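> here's my sequence, what's the structure:
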Amino acid sequence: MITSIRYSSTPERKKPKAGDERFLKGRGVWQIRQQQYSKMYSAWIVSNGRPVWEWVDKGSGRDRTSEAWKAAGGLYQ
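Residues are numbered from 1 along each chain as shown. Next up, the predicted model:
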């Protein structure tokens, strides 16, 4: 006996992951997705046991993959 039928008319939307990039047309900048970090507590931010993510401008002082972040000693400017 069949109790349910599932079908999809569109492909599943890709789930965002750490390191994903996006382009903001209005500002003309690339952003990168990374886990939020608290300078005050020197810890990664979590909510209900799950990480909190943020989009930051690529190459900025908050982008942990950028040279600016490494030059600042790993602290947000």
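
> what's the neighbour count on the nearest residue to Glu67 once chain neighbours are set aside?
Residue nearest to Glu67 in three dimensions, not counting chain neighbours: Gly59, with 8.0 Å by CB to CB, 6 or more residues apart in numbering. Backbone N, C-alpha and C define where each C-beta goes, glycine included. If you count neighbours by other CB atoms under 10 Å, Gly59 ends up with 15.

> surely Gly59 touches Ala68?
Yes: if you go by CB atoms under 8 Å, Gly59 and Ala68 touch, sitting 6.6 Å apart.

> wait, is Ala68 part of a helix?
Yes: Ala68 forms part of a helix when assessed by DSSP: H, G, I helix; E, B strand; the rest coil.

> against Ala71, how distant is Trp44?
Plainly put, Trp44 is 22 Å away from Ala71 if you go by CB to CB, to the nearest Å.

> quick one, strands of the chain?
21-24, 29-35, 37-38, 43-44, 46-47, 50-51, 53-57 (DSSP state E).

> for Ile5, which of those strands is the nearest?
strand 50-51 (32.2 Å; CB to CB).
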